[in-house]
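# kindly return the folded structure for what I paste below:
(3 chains)
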Amino acid sequence: MKNTYLITGIAIISILSVIALLAPWISPYDPAMIAQDSLLIPPSAKHWMGTDSLGRDLLSRIIYGCRISLIIGVIAVGIAVFLGVILGSLSGFYGRFMDTLIMRFADIMLCFPTFFLILAVVAFLEPSIINIMVIIGLTSWMGPARLIRSEILSLKEREFIQAEKAIGASSARIIMRHLIPNAIGPVLVNATLGIAGAILLETGLSFLGLGVQPPIPSWGNILIEAKSTLGIAWWITVFPGLAILVTILGFNFIAEGLKKIIG
Amino acid sequence: MGNLLEIKNLKVEFHLDERVITAVDGAYLNIKENEVVVLAGESGSGKTITALSICKILPRNAHIVWGVINLAGREMLCLNENELIKIRGKDIAYIFQEPVSFLNPVYTIGEQIIEVIKLHQGKNKKEAYEETIDLLKKVRIWEAKRVFQSYPHQLSGGLNQRAFIAMSLACNPKLLIADEPTTSLDVTIEKEILDLLLELKNKLKFSLLFITHNLSIAQKIADRIFIMYKGRVVEEADSQELFKSAKHFHTQELLSAYERIGRI
Amino acid sequence: MILNVIRISKYFPIEQGIFRREAGMLKALDEVSFSVAEFTTLGIVGESGSGKTTLAKIILDLIPATTGEIFFSEDFIRNFRKDTQIIFQNPYNSLNPKMRIFDIICEPMIIHKIVDRKHIRDKVVNLLETVGLSGDILTRYPHEFSGGQRQRICIARALASEPKFIVLDEPISSLDLTVQAKLLDLFIELKQKFNLTYIFISHNLGVIKYISDAVIVMQNGRIIERGKVGDIFNQPSEQYTKKLLEAAR
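Now for the predicted structure:
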């Protein structure tokens, strides 16, 4: 069976990951190097994607930005999935009081629009890469938790879980070895979409100046500058925009492909 | 008497992603008028697929490769979809193992039977209503009016199966195909349904093709029995004869298992 | 007697309306009492909804009873989870689809520390051969097997903890007749080989007659009739039992 979505998605994301890993070696210039003699140069043989108003090479900045985006996306979602899987399986497996407690807490969290919740938190904390990752992670575990809970609720009644109880397996063993491996599928699909979401969130935050702080380049803060030069330097808007688009598309393709395999 | 239905050399394949599976491989079958024929076999022997081929209501990935299916002089495999639709429900009716999943949950039993009657007989609403109540009484549902107004999920498995039988008999079919209609029911209900089917058969004069894995049912109702094994019909015999002297090894195997645990 | 079941009842609340108001109680089991003797097979027969499966789960403490008590003889059952096992009706549902056959059968041995690591493989192969499967399927997954083979894998897993008492809950109902006969013979052979005690639950009177020593007939959560297998099948005293036998003949 050919799974074009999955193959395309994985191809895109692996290329981006290689670029991110090899950033120091493949980027043609230092992304922070300011050159007074080459301000706002359009794409050319020397600067493939042109330069910005401080004369920094845009290609190099996008390559380093890729690193930041992927790291933030993956780690933030990693935190969310980790929390979600633990809370969701406790909630689904034990039910009753535990379930009520965890799920009502999730409902409360879901009442706040994530973006404004993050804005509020960032306003108090220092905006740094680590803070951003942790905050995104802490505010998006509810989706995975609900998914895994509903999977476990139905798996729990299956006979192989009953058989496992009859064998004498402890609750921890049943959850870790039998329930989670069978329930994780939909969560993985959700998580890949989540990475795309987290990257967009980071871009948005950085664009508002509350995310990754200059001089560290991120796709969001490159776009801040694009705002003021939109009329005279199209490349500063187009290339970071394309980079975001391709990345999001890549993760969405993977999610779509995984959905096919699981469903 | 001539054959009402005759199937010769039927071959049906399933096209999966990369493989082709032959589900039925040269099966044959014939049913005379007003006869009860049991098609017996274990799961995967191709008995259901053979029955579904008669009206071409196969799953989408199944293909009839070759064969002859003749119903009362008509070549079924040569008919197009529109002609088949006229035959389905009218000349041939099916009943299945899980009637609930073949009944529409959002309509009452009565509405569904009326629908069939209006579709095939062109009667008006009042006539159709009376005929429906009549049918429900015919399948020995005493509270016909209550069942008429009930939704499928409100009724027991046995009642649903009776209602489904009533619906399939709405157009006086010549052939009733029953695919394991009692498998999901309790033994006491099973007996009632079997008795009902035989009684209706004698009263309404149709032929019954009964598909089952259960030899004790076969023994109770069959005039003739066809045994299927791995897509082929391996034995055909009169009911009494089969239980006395089975020839094919698979039939013998089935019978010895039946002698030990199927019988009390 | 190795097992005494004393007046076990199980009620399920019936909830109605949007507020999940309790509208009444469904009596799945109503004051059921019986006992099982060592090395015998007790057959429990009844139609759907008679409470057979609920009873099986309560005996093995998989769900709690509403009232009543269950006693296992202490000389016989020392480690409850190790010495008792259950085999379910649907072999398609009772094996973890994500685990290899080897890991599935190992599970009880690891939990109860039955054999040391070095001999675990030999033991698993041995068990598979005991239930009539080949020993070279260790790295395969449940979906590669037919219903009958999967049920054999379930039996191997149940035997892995070296149990003394097994509840067989409709263990062959979903299988073909020829497979049913083979598995029944396997159950009888294993019972003699490992000195097992069985509770065998079925709706099929023929099967119950073939395997049981004593029989209990259940209807709507109650025991209607009980006795030795010969008595129940030859001279049933209750109307319901007669009706069941009549329908199955």
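# residue ranges with poor pLDDT in chain B?
Applying pLDDT under 70 to chain B flags residues B:1, B:264.
# can you map out the strands along chain C?
Along chain C, counting by DSSP state E, strands occupy C:3-16, C:21-36, C:41-46, C:67-72, C:84-87, C:165-169, C:197-202, C:214-219, C:222-228.
# stretch B:87-100 and chain C in contact?
No - judged by C-beta under 8 Å from any C-beta of the partner chain, stretch B:87-100 stays clear of chain C, getting no closer than 13.0 Å. Bear in mind the C-beta positions are built from the backbone N, C-alpha and C, glycine included.
# measure B:Val24 to chain C for me?
18 Å (C-beta to the nearest C-beta, to the nearest Å).
# re earlier: wait, which of the strands of chain C is closest to chain A?
The minimum distance between chain A and those falls on strand C:84-87, with 4.6 Å, by C-beta to the nearest C-beta.
# parallel or antiparallel, which strands does that closest one pair with?
Looking at strand C:84-87 with DSSP bridges, its partner strands are strand C:165-169 (parallel).
# strand C:3-16 and the partner strand, what's the angle between them?
The directions of strand C:165-169 and strand C:3-16 differ by 40 degrees, with axes from the mean of the first three to the mean of the last three C-alpha atoms, to 10 degrees as the criterion.
# which residues outside strand C:165-169 are in contact with it?
C:2-3, C:36, C:52-53, C:56, C:59-60, C:72, C:76-77, C:83-89, C:158, C:187, C:196-201 (C-beta atoms under 8 Å, 6 or more residues apart in numbering or on different chains).
# just the buried members of the residues you listed?
For the contacts of strand C:165-169, a burial check counting by 16 or more other C-beta atoms under 10 Å in any protein chain shown picks out C:2-3, C:36, C:52-53, C:56, C:59-60, C:72, C:77, C:83-89, C:158, C:187, C:196-201.
# would you turn the strands of chain C into TSV with distance to C:Gln239?
Formatted as TSV, the strands of chain C follow (distance: least, C-beta to C-beta, whole Å):
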stretch	distance to C:Gln239
strand C:3-16	24
strand C:21-36	19
strand C:41-46	15
strand C:67-72	27
strand C:84-87	32
strand C:165-169	27
strand C:197-202	21
strand C:214-219	11
strand C:222-228	9
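# got a markdown table for the ones you listed, with mean pLDDT and distance to A:Gln213 too?
Listed next are the strands of chain C as a markdown table, based on pLDDT from 0 to 100; distance: least, C-beta to C-beta, whole Å:
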| stretch | mean pLDDT | distance to A:Gln213 |
| --- | --- | --- |
| strand C:3-16 | 88 | 55 |
| strand C:21-36 | 86 | 57 |
| strand C:41-46 | 94 | 72 |
| strand C:67-72 | 92 | 67 |
| strand C:84-87 | 94 | 61 |
| strand C:165-169 | 95 | 64 |
| strand C:197-202 | 95 | 68 |
| strand C:214-219 | 94 | 73 |
| strand C:222-228 | 94 | 75 |
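# show me what contacts the closest residue in space to A:Ser38 that isn't next to it in sequence?
In space, and not counting its chain neighbours, A:Ser38 is closest to A:Gly55: 4.6 Å by C-beta to C-beta, 6 or more residues apart in numbering or on different chains. Contact analysis of A:Gly55 by C-beta under 8 Å, 6+ apart lists A:Ile34, A:Ala35, A:Gln36, A:Asp37, A:Ser38, A:Leu39, A:Leu40, A:Ile41.
# so what's the backbone phi/psi at the residue in the stretch 1-150 of chain B positioned nearest to chain C?
In the stretch 1-150 of chain B, the residue that lies nearest chain C is B:Glu42 (3.8 Å; C-beta to the nearest C-beta). In terms of degrees, to the nearest 10, the main-chain angles of B:Glu42 are phi -90, psi 180.
# and for B:Asp25?
phi -130, psi 80.
# beta partners of it?
B:Lys11.
# pull out the buried residues from the contacts of A:Gly55.
A:Ser38, A:Ile41.
# as TSV, the contacts of A:Gly55 with pLDDT would be great.
Output for those, formatted as TSV (pLDDT from 0 to 100):
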residue	pLDDT
A:Ile34	81
A:Ala35	78
A:Gln36	79
A:Asp37	80
A:Ser38	77
A:Leu39	81
A:Leu40	79
A:Ile41	81
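# neighbours of C:Ile104, how many?
23 (other C-beta atoms under 10 Å in any protein chain shown).
# distance check, B:Leu197 against B:Ile165.
To B:Ile165, B:Leu197 is 7 Å away according to C-beta to C-beta, to the nearest Å.
# more neighbours: which of those two?
Neighbour totals were compared for B:Leu197 and B:Ile165, and B:Ile165 leads with 26 against 23 (other C-beta under 10 Å).
# I'd assumed that one was in a helix, is it?
Yes - counting by DSSP: H, G, I helix; E, B strand; the rest coil, B:Ile165 falls inside a helix.
# residues contacting the nearest residue to it once chain neighbours are set aside?
The spatially closest residue to B:Ile165, leaving aside those adjacent along the chain, is B:Val139, at 5.2 Å (C-beta to C-beta, 6+ apart). By C-beta under 8 Å, 6+ apart, B:Val139 lies in contact with B:Arg162, B:Ala163, B:Ile165, B:Ala166, B:Leu169, B:Leu196, B:Leu200.
# now whatever residue of the stretch 101-250 of chain A ends up closest to chain B: how far from C:Arg81?
Residue nearest to chain B within the stretch 101-250 of chain A: A:Glu159 (18.6 Å; C-beta to the nearest C-beta). A:Glu159 sits 17 Å away from C:Arg81, going by C-beta to C-beta.
# ok, back up a step: so how many other residues sit close to the residue of the stretch 101-250 of chain A closest to chain B?
The burial count for A:Glu159: 20, using other C-beta under 10 Å.
# for the residue nearest to B:Ile165, phi and psi?
Given degrees, to the nearest 10, the pair of backbone angles that B:Val139 has is phi -90, psi 20.
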